[in-house]
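A.B. asks: just to be clear, the model below is a prediction. Sequence and coordinates:
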Amino acid sequence: MTDHFDFAIAGSTPLCGILAGLLAQEHGAKVCRIGSFIHPILPQRGFDISAGPLTRPETWQLLKSSVPETVKVLNTIGSGRVYERVDFGMVALGKAGVQALGYIQNAAQGYGTQVERLPDSQSYRTAYAFRHTVRTLRRPLIAALPAWLEARGVTLVDPKEARIRKAQNGPISIQWGGQEAEIGKLVLAGDAAMATHGHQGDVQAMFHKLPMSALLMEPTTKLVTPVMQAIDAGLTLYQRSNGALDCAGHGDAAEVGEAAAAYFDEGENLRLAGSAVFESMVSKDGGAVLGVKSRKNVIYLGGLGLTGLFQVPAIARFLAGKSNRTESDYFDACAPGKSDASSRMNEFIDPRLELAVT
Amino acid sequence: MKQTNHRLKPSKNHCFTGHQIVRDRRLRFTLNGREFKAYAGDTILTALLANGIFSAGHANGGAVALDAALQLCVKLVDAPNDVNSALPIDRTLAQQGMTLEIFGAPHTRLKAPFGGAQETSLKIDFDKFPCVPGPLHNAPVSVREKINLLVVGGGIAGMTAAVDAAEAGKNVILLERRGYLGGDAELFGHADGEEDPREVVAALRQKIGALPNIAVFLFTEALSVKDRKLMAHRVDSVDGKPKASLMRIAARNIILATGAADKIPLFPGNRLPHISPLTEVFHLATAYGIWHDGQSALFTNTNIAYRFAGQAQNADATFIGVYDARTDRASRFIDIAKAGGQKIINGARVHSVSSSKHRDQLYIKLEPSHSGFPALGAVNASQLVVNDGWQPRLGLWQQAGGKINIDGTFNEDVMPENIILAGSCAGYKGHIGVQQSALAAVGRLFLKKNFDVSDPQIDPQFETPEGPQTLSSALKENDLEPCYTSWGGSLVTLDTSTRKGFLAKLFSRDNEADKSPITDRALNLVDTLILAQQDILPSSELEHLLKERAITPLVFEAGETRFRRKFLAENLAAEVPDYIKGRFGKDASVWTCSVENGNPLQTGILLFPNTDVSDPLQAIGIVVGEGKTALINAGFAVSGAVLVARVNAMTSTIKLREEQQRN
């Protein structure tokens, strides 16, 4: 029976699972993972893609090494067929988005990502295809993760059974299924985990809480690339091989649906097949958050966006205290409470979000 | 059987009189270029059925019956092609001289009934054009109401609740999707000691007519509810033309008396043309006199089907067989049917149905429902009426936040505030129980008291309860007609892969490793329950499935949308956006620049001091604005300075001209 975990990773995304597995396998930590994966039949709340609307060259630099490293890890999960390479399109409708795309694609190209301008369309002003990006296939990945984690000695805890106790300025413990253990560091990985277990004051200081919707649309016309980010709508569209469309964005279902439809030509209407509304945390500077706030043994990990899963090997090293200099500098800049403008993780925030939070 | 054109002639001997139609007022209308005859009082749907159009088109590789559940819409040909013009065929009255076309599907001309075989299908390709209720939600709200009590459902429960509340002085709105009040009570008859439902309905109608504080909206379908605001789609007649409107009703209290719908027996071919649920057949016969020509078969696992068979006998419409999935069953109705000469086979269920080689006939393959019962062969029939029990209509309840059990009944643990179920959707079966539940609902809402409800039932020894939903053994077989999971417009099947050939399966690229296309279709409540019961969807996720997948299939129109117009109008770009500020030092400044040689500048291009430096993190500036200015680190910001712009392997040189602003 385990009475101590070095890390407890709380969260429901594949990122949380892989982080837990790497901490256990690569860094010899005793790890439990508290969470249940969102079943693939339900609208997908998020996507894992190795590129995103990132304006900071630092992030592209990090991804240049962490993406291949993550792919190696993905190759060990299930049959290895838990990801694929796709062209990832980033499109913009408005001027701010077009401007941001300029920054994004130049920063990406600076670190070797192949980017091509796509033909103009009546649906958007400017679009670029980021070639050969990696995206996870959530269904087989989620199906294979539990066995992969168990093989690495990670204890899986059902969140419905778990009770986490945080003593005032003291240790954290977890009780589940008749067992109890102390936790060295509780990592709140993702919006739901931070909302459930985070200190309210900490969360309010670091994030804006905004409604987000994940929609599933019935099969429709092919997108210009199978995965697309409408950067100034904050909208991600992922099209399955049969034409069905997963979309996620800020706002209620009607807003997100209308936003998604704006990127299709007249007559290519979208019909809703699934809808989930949940609360998302948007970091106040648009960048990632990684670090402690009011408690030294509670680590917040959020705001990573689409590329979060592909940063996990570096995140695991950082949490284990084994980062290289570049990684340390990068993640130090993600620390909560940073105020120096030059070290802040300023990333592009879509204008609609800016309006929503001001 | 006395019948013309799929209608029974009225007679005192039977109840299939067609009380909604006026037989001495004939009219004609045109749909997709073909003229149809109808009576005043017919809906478009009933007129089409009476004219022999029994097929709506095809989906999932098979033909699909034309019925109310599909919620097909038409529009007047001269009406604009938008959702305001959509008229559901089951709620729109046929009118003389109307010229209509199918809404949401390409115009398919229906063959005229001479010079060739009579067209019996609307020929809609549902795989390409899902013409189902979603678009109705897109209509702008044109009517807004606020009310103390909203009652959804004009059957005995709804009428009782409306009358009781109105007599207590409350203002009531009563919605009914059919063109008349009364629901399905007449189908069920009454037990000894109970009032005849026809008399109950007549009395309630009279009271409703006399109460000025009940507003009744017929041909009005409740589409969705949230926070006690209900959206309902109504079809009315204005200046002799049908007019659709979307109503938004804010109600302090809501009683859902939505009744129970026929369960769908699960066998391949269960929605072929000429296969219909019992309640619908009864409704079409009694209200519109509609009955299939030719011989019909009846499959059931309830006793009410035998009552119906007895009524059909009165109209000289004996079924070639009543096939009952139950083995030991008892009912007074069975005795009556037998006495009338009805052939009854127990221990039988439908294995599968396909179109017979005889035109407009069904080939119904049967199988024993229990081991030890004899093999049954097959029959040909013009119509198959099916009755596999009833499923409470709980879609609105679920939307309002109510919880549903996997068996399709409501869960009392979670009750939405001020929204109560009444009648058969709340599980009551007899008229007494249905009426008492309605009174109890009103009492609970307005008096905040709980009242006991008595729902006396005949001893099961004398009236065998309905059997479980039937599941054919043919579902494991390939190359049969699709088996649908509900009567609704979602057209979801249990397993559409049965229709795919070997090569299609072999080369099917589904990167999500999920072989079932049903995961990508809009599901209704019944689809979700059936799929969870059959373990095709995970039953452990039922609560999330109902909340996130059994949703209203909204349609989002593509093209020049409000979002796009508003976005383009509002969106401005700062010359130096926030995420760039500070990146090149706090004293960085903006300069105009010109290209000395190389490609034109674009926003975001990084600038370097010389060609030896290429690491983006060592850039000393960046092109901003629209490519004519650049943000430069103070250490390099000198008029005339030449910098290197780098894009991939290409370099350009630029010269700084004039400083514009401090960063």
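C.D. replies: Looks like it came in fine.
A.B. asks: tell me the helix or strand right after the lengthiest strand in chain A.
C.D. replies: Counting residues, the longest strand found in chain A (DSSP state E) is strand A:270-283. Per DSSP states H and E, the first helix or strand lying C-terminal to strand A:270-283 is strand A:289-292.
A.B. asks: which helices and strands does that following strand pack with?
C.D. replies: The contact analysis (3 or more CB pairs under 8 Å, 6 or more residues apart in numbering or on different chains; DSSP states H and E) places strand A:289-292 against strand A:298-302. C-beta: built from backbone N, CA, C; applies to glycine.
A.B. asks: helices or strands up against the strand it packs on?
C.D. replies: strand A:179-189, helix A:191-197, helix A:200-206, strand A:289-292.
A.B. asks: please enumerate the helices of the chain.
C.D. replies: If you meant another chain, say so; for now it's chain A. Under the criterion DSSP state H, chain A contains helices at A:14-27, A:57-74, A:95-110, A:138-151, A:191-197, A:200-206, A:253-261, A:312-320, A:325-332, A:351-357.
A.B. asks: ah, no, chain B please
C.D. replies: Using DSSP H, helices in chain B cover B:44-50, B:134-138, B:156-167, B:185-188, B:197-210, B:278-288, B:304-314, B:332-339, B:395-399, B:431-446, B:502-506, B:525-533, B:542-548, B:562-570.
A.B. asks: worst average pLDDT in these?
C.D. replies: By mean pLDDT, the lowest-scoring of those turns out to be helix B:502-506, with a mean of 36.
A.B. asks: quick one on the thing from earlier: the helices of chain A: lowest mean pLDDT?
C.D. replies: Comparing mean pLDDT across the helices of chain A, the weakest is helix A:351-357, with a mean of 61.
A.B. asks: show me what from the stretch 1-150 of chain A comes close to chain B.
C.D. replies: Neighbours of chain B within the stretch 1-150 of chain A, by CB under 8 Å from any CB of the partner chain: A:39-43, A:55-58, A:60-61, A:81, A:84, A:93-107, A:109-111, A:137-140, A:143.
A.B. asks: of those, grab the buried ones for ChimeraX.
C.D. replies: Selection of buried members from the residues of the stretch 1-150 of chain A next to chain B for ChimeraX, criterion 16 or more other CB atoms under 10 Å in any protein chain shown:
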select /A:40,41,42,43,55,56,57,58,60,61,93,94,95,96,97,98,99,100,101,102,103,104,105,106,107,109,110,111,137,138,139,140,143
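A.B. asks: below-threshold pLDDT in the stretch 251-400 of chain B: ranges please.
C.D. replies: When residues are selected by pLDDT under 70, those of the stretch 251-400 of chain B lie in B:358.
A.B. asks: where does it get nearest to chain A, which residue?
C.D. replies: B:Gln399 (11.6 Å; CB to the nearest CB).
A.B. asks: so what's that residue up against?
C.D. replies: B:224-226, B:552 (CB atoms under 8 Å, 6 or more residues apart in numbering or on different chains).
A.B. asks: ok, B:Pro130 touching A:Pro219?
C.D. replies: No - using CB atoms under 8 Å as the test, B:Pro130 is too far from A:Pro219 to be in contact (10.2 Å).
A.B. asks: more neighbours: which of those two?
C.D. replies: Applying other CB atoms under 10 Å in any protein chain shown to B:Pro130 and A:Pro219 shows that B:Pro130 carries more neighbours, namely 23 against 18.
A.B. asks: tell me the pLDDT at the more buried one?
C.D. replies: 70.
A.B. asks: equivalent analysis for B:Ser490, please.
C.D. replies: 86.
A.B. asks: run a quick neighbour tally on it.
C.D. replies: Neighbour tally, B:Ser490, other CB under 10 Å: 26.
A.B. asks: next up, the contacts around the closest residue in space to it that isn't next to it in sequence.
C.D. replies: Leaving aside its sequence neighbours, B:Ser490 sits nearest to B:Asn524 (CB to CB, 6 or more residues apart in numbering or on different chains; 5.0 Å). When contacts are counted by CB under 8 Å, 6+ apart, B:Asn524 touches B:395, B:486, B:488-490, B:492, B:550.
A.B. asks: likewise for B:Gly488?
C.D. replies: Here B:Gly488 is in contact with B:69, B:71, B:524, B:526-527 (CB under 8 Å, 6+ apart).
A.B. asks: same deal with B:Arg326?
C.D. replies: B:301, B:346-347, B:369, B:464, B:467.
A.B. asks: could you measure from B:Ala558 over to B:Gly104?
C.D. replies: In this view, B:Ala558 and B:Gly104 are 14 Å apart by CB to CB, to the nearest Å.
A.B. asks: got it, and B:Asn213?
C.D. replies: Taking CB to CB, one finds B:Asn213 at 39 Å from B:Gly104.
A.B. asks: more neighbours, those two?
C.D. replies: Comparing B:Asn213 with B:Gly104 by neighbour count (other CB under 10 Å), the higher total belongs to B:Gly104, at 20 against 16.
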